[in-house]
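Engineer: The amino acid sequence is not available; the structure is as follows:
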């Protein structure tokens, strides 16, 4: 028997997200403002608790994925006033380094809450996103590979041996894939529109060396219906996760596969995100002691970003799998 009062979902939002000022760029301050706790509190379940990120010496953990030379270069670009970190879409301002470290800090704080039992799962409403960042290169609005850093933190700080990362952002999480491509301790399951930037994430990308078979890609053609996409997720992602049997489940929660998002051509709705979240929670209940940590990635139509986050977080907060009975 599980006491419903103990099934808390932690919601982490940090003012550091407002330090990354990209002007009128599609990944902008309004995304963070939309998800301020005080703006959505009334729409979330009562068992959602609001947590402060704290201080985890985030840069030290960033260096478990990114070399010091890269982080020092990012810091220099920001100190000189900002600019572009790549060839066209990863903008930074003087305080973007602090924002990126704040996102990492929030993710690590979520890990501590979940691992301590203070919450059964957590959602981090963070920016900048992270799943496109390569080991030594910014890419696709992403500065640091936040979810990859979180996986390493869980392994090294909390002794988690097997981590699964599920990425349902409409753009392929190429950075996450590259970081773990030869690592059998991290299963990376990514579902994305293809063809679409960054033009990776085909089913034949399955890992290399000892990591062969631990990368799973679901390439969804433009215009695919929601029912068809959800069937692909159920047929490919869920069996792979059950076979791997992770000790903890991470989600790269991009909401830009929504039918009204301006950057892609898929047809998910709030109901579709709820369904995938329920299915992932059932796997977490069976294999992970219910432990899930979800990090915001994309989602650029603000009204639907707002409603999709509410749908996702409320599902995290209220869903019980068939084996759970609340008192």
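Structural biologist: Here it is on my side, so go on. Everything numeric in this text was worked out from a predicted model, so none of it was measured.
Engineer: use CA for all of it now, contacts and neighbours both
Structural biologist: Fine.
Engineer: Can you give me every residue that contacts the nearest residue to residue 30 once chain neighbours are set aside?
Structural biologist: Closest residue in space to residue 30, ignoring its immediate chain neighbours: residue 302 at 7.8 Å, by CA to CA, 6 or more residues apart in numbering. Going by CA atoms under 8 Å, 6 or more residues apart in numbering, residue 302 touches 30-31, 34.
Engineer: cool, and residue 105?
Structural biologist: 53-58 are the contacts of residue 105 under CA under 8 Å, 6+ apart.
Engineer: ok, back up a step: show me which of the contacts of residue 302 are buried.
Structural biologist: 31, 34 (16 or more other CA atoms under 10 Å).
Engineer: closest to residue 211 among the contacts of residue 302?
Structural biologist: Ranked by distance to residue 211 (CA to CA), the contacts of residue 302 are led by residue 31 at 35.0 Å.
Engineer: any idea of the mean pLDDT in the one helix or strand that closest one maps to?
Structural biologist: In this structure, residue 31 sits in helix 29-34 according to DSSP states H and E. Helix 29-34 shows a mean pLDDT of 98 in the predicted model.
Engineer: which sections of the chain are below the confidence cut-off?
Structural biologist: 1-6, 322-327 (pLDDT under 70).
Engineer: for it, what's the longest helix?
Structural biologist: The helix that spans the most residues within the chain, counting by DSSP state H, is helix 96-116.
Engineer: Distance check, residue 80 against residue 136.
Structural biologist: Applying CA to CA, to the nearest Å, the value for residue 80 to residue 136 is 20 Å.
Engineer: and what of residue 238?
Structural biologist: Residue 238 is 32 Å from residue 136, where distance means CA to CA.
Engineer: Could you check which of these two has the larger neighbour count?
Structural biologist: Using other CA atoms under 10 Å, the more surrounded residue of residue 238 and residue 136 is residue 238, with 19 against 16.
Engineer: give the contact list for residue 27.
Structural biologist: Contacts of residue 27 (CA under 8 Å, 6+ apart): 128, 141, 300.
Engineer: So for the protein, the centremost residue is which one?
Structural biologist: Centroid-nearest residue in the chain, with CA atoms, centre = their mean: residue 252, separated by 2.4 Å.
Engineer: My assumption is that that residue lies in a helix; please confirm.
Structural biologist: No: counting by DSSP: H, G, I helix; E, B strand; the rest coil, residue 252 falls outside a helix, being strand.
Engineer: Leaving out sequence neighbours, find the closest residue to it.
Structural biologist: residue 167 (4.4 Å).
Engineer: Surely that neighbour touches residue 193?
Structural biologist: No: using CA atoms under 8 Å, residue 167 is not in contact with residue 193; the gap is 11.8 Å.
Engineer: residue ranges for the strands of the stretch 201-327 of the chain, please.
Structural biologist: Taking DSSP state E, counting those that start in this stretch, the strands of the stretch 201-327 of the chain run over residues 215-220, 248-253, 292-296.
Engineer: Adding distance to residue 99, write those strands out as TSV.
Structural biologist: Compiled in TSV, those are given as follows (distance: least, CA to CA, whole Å):
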stretch	distance to residue 99
strand 215-220	29
strand 248-253	18
strand 292-296	14
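Engineer: Out of those, which is closest to residue 42?
Structural biologist: Once the strands of the stretch 201-327 of the chain are compared by CA to CA, strand 292-296 is nearest, at 20.0 Å.
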